[in-house]
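Chemist: predicted model and sequence follow; I will ask about them next.
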There are 2 protein chains.
Amino acid sequence: MSAARNLLLLSSSRLHGHGYLEHARHQLDELFQAKNVKTVLFVPYALRDHDKYTATVRDALQPWGYAVEGLHTQPDPAEALRKAQAIFVGGGNTFVLLKQLYELQLVELIRELVLKHGLIYVGSSAGTNVATRSIHTTNDMPVQQPPSFEALALVSFNINPHYLETAADTQHKGETRDERIEEFIAYHSRPVLGLREGTSLRVQGNLVTLLGDRNAKLFKADGSAVEYAPHADLSFLLES
Amino acid sequence: MSAARNLLLLSSSRLHGHGYLEHARHQLDELFQAKNVKTVLFVPYALRDHDKYTATVRDALQPWGYAVEGLHTQPDPAEALRKAQAIFVGGGNTFVLLKQLYELQLVELIRELVLKHGLIYVGSSAGTNVATRSIHTTNDMPVQQPPSFEALALVSFNINPHYLETAADTQHKGETRDERIEEFIAYHSRPVLGLREGTSLRVQGNLVTLLGDRNAKLFKADGSAVEYAPHADLSFLLES
């Protein structure tokens, strides 16, 4: 449990019909304005071109009043994190992102800054995966091998971002998303929150709330599943 | 290079409109009958219920004249592999399968038996992934963590089984299959063969042939891609 925790975990940074991060603007404004955040430290490691990725995020956030700095441009990333008010960990490849966080020895530091010192953490897609207990429930291809699948563990459960049901009429024989998640649970007996695009999870201390205008699907440790509506209180997940 | 190599790597064991392995029956018959195979040693580790999985494979192969034994029932798996004429490594979760092969210390043994002693290797889906150089190009969720992503390396390139193009009209914002594969290539500069369901790769010594009635899509190390028609000679891939 952590009273300092202040997270916004987005399923995705893009939503059909919206610009980059546009669907989450109101959520970001609420989060940043409450703490008078002026500058967001962006963690670009999930994509290959860190400069270009940082520019994309800057182009989205600057017009809304937030300056954006890329963590990759900081001479001392640990020091930059300690001084930051808020970080945004962008999506891309979860394996690549977590590998880089381990190589730069930032996993423990970010965890401590967020859980003990109230560093605001915004994650999207891969950035949401690494915020959870482990990356076992990512959808990404394992193009790089991190030293561990254990992640920042800012929350004690797992999330599946970009969650969607596989279309019933498919002729494709690969596993469905639900089958993959159920397989994780069979091995680990831990819950997984399927977070549909356009939704996000707000974590304030020990209060967890579903945001957005679609349901989330919780795959429970006992193998059953249940849908939760927008604004549902999911704080009980922190005890899993 | 290996003159002894005798592989059949299926994209999938199920194809829409066909029974289990039915679409590959002719290919299996040709392979097994040429070496007078009577019994197939089945490697069930990619799924959780090894007995049930072995029964599924037995129900398919026994009517065609092949006895099936499960590797998990053998008191000495290494000895069983040394005595086997042919193994079939079934699909399921690639991470789970490779982890188990490492834990049982079977990776090097299978590699040696196949490449030096001509043990017939049939793989499907996850069983095809682990036959290649690494599992970096699997579609599966990383529900377990193997000690390495490096695999049996029976061939020197990577395969993406169940390959399919993402539908152009999708509103989903997760990465497309092509984007994921291109990301692997950007990091590794190695080719990936996208093997569509219903197709397979036959490897006889240093001769590689595409089987089935659909094209395969080769993602080249230079970032370009090219389609190959059924019966194409892909032997050049062994030099990648």
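Modeler: In hand now; what should we look at?

Chemist: name the SS class of A:L195, please.
Modeler: Using DSSP: H, G, I helix; E, B strand; the rest coil, the structure places A:L195 in strand.

Chemist: is it true that it touches A:P161?
Modeler: Yes: A:L195 lies in contact with A:P161 (Cβ atoms under 8 Å); the separation is 5.4 Å. Yep, even glycine has a C-beta here, placed from its N, CA and C like the rest.

Chemist: what about the helix or strand hosting A:L218 and chain B, touching?
Modeler: Using DSSP states H and E, the element containing A:L218 is strand A:216-219. No: judged by Cβ under 8 Å from any Cβ of the partner chain, strand A:216-219 stays clear of chain B, getting no closer than 12.1 Å.

Chemist: which elements pack onto that strand?
Modeler: helix A:177-188, strand A:192-196, strand A:225-228 (3 or more Cβ pairs under 8 Å, 6 or more residues apart in numbering or on different chains; DSSP states H and E).

Chemist: name the nearest residue to A:I120, ignoring sequence neighbours.
Modeler: A:A86 (3.7 Å; Cβ to Cβ, 6 or more residues apart in numbering or on different chains).

Chemist: give the contact list for that neighbour.
Modeler: Residues in contact with A:A86 (Cβ atoms under 8 Å, 6 or more residues apart in numbering or on different chains) are A:L31, A:F32, A:K35, A:V37, A:T39, A:V40, A:L41, A:L119, A:I120, A:Y121, A:V122.

Chemist: now with 10 Å, please.
Modeler: If a contact means Cβ atoms under 10 Å, 6 or more residues apart in numbering or on different chains, then A:A86 has A:6, A:8, A:28, A:31-32, A:35, A:37-42, A:66, A:119-122 as its contacts.

Chemist: which residues does it bridge with?
Modeler: A:V40, A:I120 (DSSP bridges).

Chemist: mind checking how far it is from chain B?
Modeler: Distance of A:A86 to chain B, given as Cβ to the nearest Cβ, to the nearest Å: 23 Å.

Chemist: and if you look at A:E182?
Modeler: 10 Å.

Chemist: one more: A:T94?
Modeler: 9 Å.

Chemist: what about that residue, how many residues nearby?
Modeler: 29 (other Cβ atoms under 10 Å in any protein chain shown).

Chemist: contacting residues around it?
Modeler: A:46, A:125-130, A:135, A:137-144, A:146, A:149, A:151, A:161, B:142.

Chemist: hmm, 8 Å instead?
Modeler: A:A46, A:S125, A:A126, A:N129, A:V130, A:I135, A:T138, A:D140.

Chemist: in three-state terms, label the residue most central in space within chain A for me.
Modeler: Chain A has A:T128 as the residue nearest its centroid, 1.2 Å off, counting by Cα atoms, centre = their mean. Secondary structure assignment for A:T128 (three-state DSSP): helix.

Chemist: A:N6 and A:I120 touch, don't they?
Modeler: Yes: the pair A:N6 / A:I120 is scored as a contact, 4.9 Å apart, by Cβ under 8 Å.

Chemist: overlap of the contact sets of those two?
Modeler: By Cβ under 8 Å, 6+ apart, A:N6 and A:I120 have these common neighbours: A:L31, A:K35.

Chemist: just the element for the spatially most distant residue from the centre of chain A, please.
Modeler: The outermost residue of chain A relative to its centre, with distances by Cα atoms, centre = their mean, is A:Q171 at 31.4 Å. Following DSSP H and E, there is no helix or strand that holds A:Q171.

Chemist: which parts of chain A are strands?
Modeler: Using DSSP state E, the strands found in chain A span residues A:6-10, A:39-43, A:67-70, A:86-89, A:120-124, A:158-163, A:192-196, A:200-204, A:207-211, A:216-219, A:225-228.

Chemist: who in chain A is up against chain B?
Modeler: Within chain A, the positions near chain B by Cβ under 8 Å from any Cβ are A:12, A:14-17, A:48, A:93, A:95-96, A:125, A:135-145, A:148-149, A:162, A:164, A:171-175, A:180-181, A:183-184, A:186-188, A:197.

Chemist: give the buried subset of those as a PyMOL selection command.
Modeler: Restricted to buried positions by 16 or more other Cβ atoms under 10 Å in any protein chain shown, the PyMOL selection for the residues of chain A next to chain B reads:
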select buried, chain A and resi 12+14+15+93+95+96+125+135+136+137+138+139+140+141+142+143+144+145+149+162+164+173+174+175+180+181+183+184+188+197
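
Chemist: can you put the contacts of A:T94 in CSV and add distance to A:E22 and pLDDT?
Modeler: Listed next are the contacts of A:T94 as CSV, based on distance: Cβ to Cβ, whole Å; pLDDT from 0 to 100:
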residue, distance to A:E22, pLDDT
A:A46, 20, 98
A:S125, 15, 97
A:A126, 19, 98
A:N129, 22, 98
A:V130, 23, 98
A:I135, 27, 98
A:T138, 24, 98
A:D140, 23, 97
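
Chemist: about what we covered before: and the residue nearest to the centre of chain A, what is it in contact with?
Modeler: Contacts of A:T128 (Cβ under 8 Å, 6+ apart): A:L9, A:L10, A:S11, A:G91, A:I159, A:P161, A:L195, A:L201.

Chemist: could you rerun that using 10 Å?
Modeler: A:T128 makes contact with A:7-13, A:89, A:91, A:94, A:121-122, A:138, A:154-155, A:159-162, A:193, A:195, A:200-201 under the criterion Cβ under 10 Å, 6+ apart.

Chemist: cool, and A:P191?
Modeler: Contacts of A:P191 by Cβ under 10 Å, 6+ apart are A:156-159, A:181, A:185, A:218-222, A:225, A:234, A:236-237, A:240.

Chemist: closest to chain B out of these?
Modeler: Each of those was scored against chain B by Cβ to the nearest Cβ, and A:I181 proved nearest at 7.3 Å.

Chemist: just to revisit the earlier point, turn the strands of chain A into JSON lines, including mean pLDDT.
Modeler: Formatted as JSON lines, the strands of chain A follow (pLDDT from 0 to 100):
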{"stretch": "strand A:6-10", "mean pLDDT": "98"}
{"stretch": "strand A:39-43", "mean pLDDT": "98"}
{"stretch": "strand A:67-70", "mean pLDDT": "98"}
{"stretch": "strand A:86-89", "mean pLDDT": "98"}
{"stretch": "strand A:120-124", "mean pLDDT": "98"}
{"stretch": "strand A:158-163", "mean pLDDT": "97"}
{"stretch": "strand A:192-196", "mean pLDDT": "98"}
{"stretch": "strand A:200-204", "mean pLDDT": "98"}
{"stretch": "strand A:207-211", "mean pLDDT": "98"}
{"stretch": "strand A:216-219", "mean pLDDT": "98"}
{"stretch": "strand A:225-228", "mean pLDDT": "98"}
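
Chemist: turn those into JSON lines, columns for distance to B:H23.
Modeler: Rendered in JSON lines, the data for these read as follows (distance: least, Cβ to Cβ, whole Å):
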{"stretch": "strand A:6-10", "distance to B:H23": "41"}
{"stretch": "strand A:39-43", "distance to B:H23": "46"}
{"stretch": "strand A:67-70", "distance to B:H23": "50"}
{"stretch": "strand A:86-89", "distance to B:H23": "43"}
{"stretch": "strand A:120-124", "distance to B:H23": "40"}
{"stretch": "strand A:158-163", "distance to B:H23": "31"}
{"stretch": "strand A:192-196", "distance to B:H23": "32"}
{"stretch": "strand A:200-204", "distance to B:H23": "43"}
{"stretch": "strand A:207-211", "distance to B:H23": "43"}
{"stretch": "strand A:216-219", "distance to B:H23": "32"}
{"stretch": "strand A:225-228", "distance to B:H23": "32"}
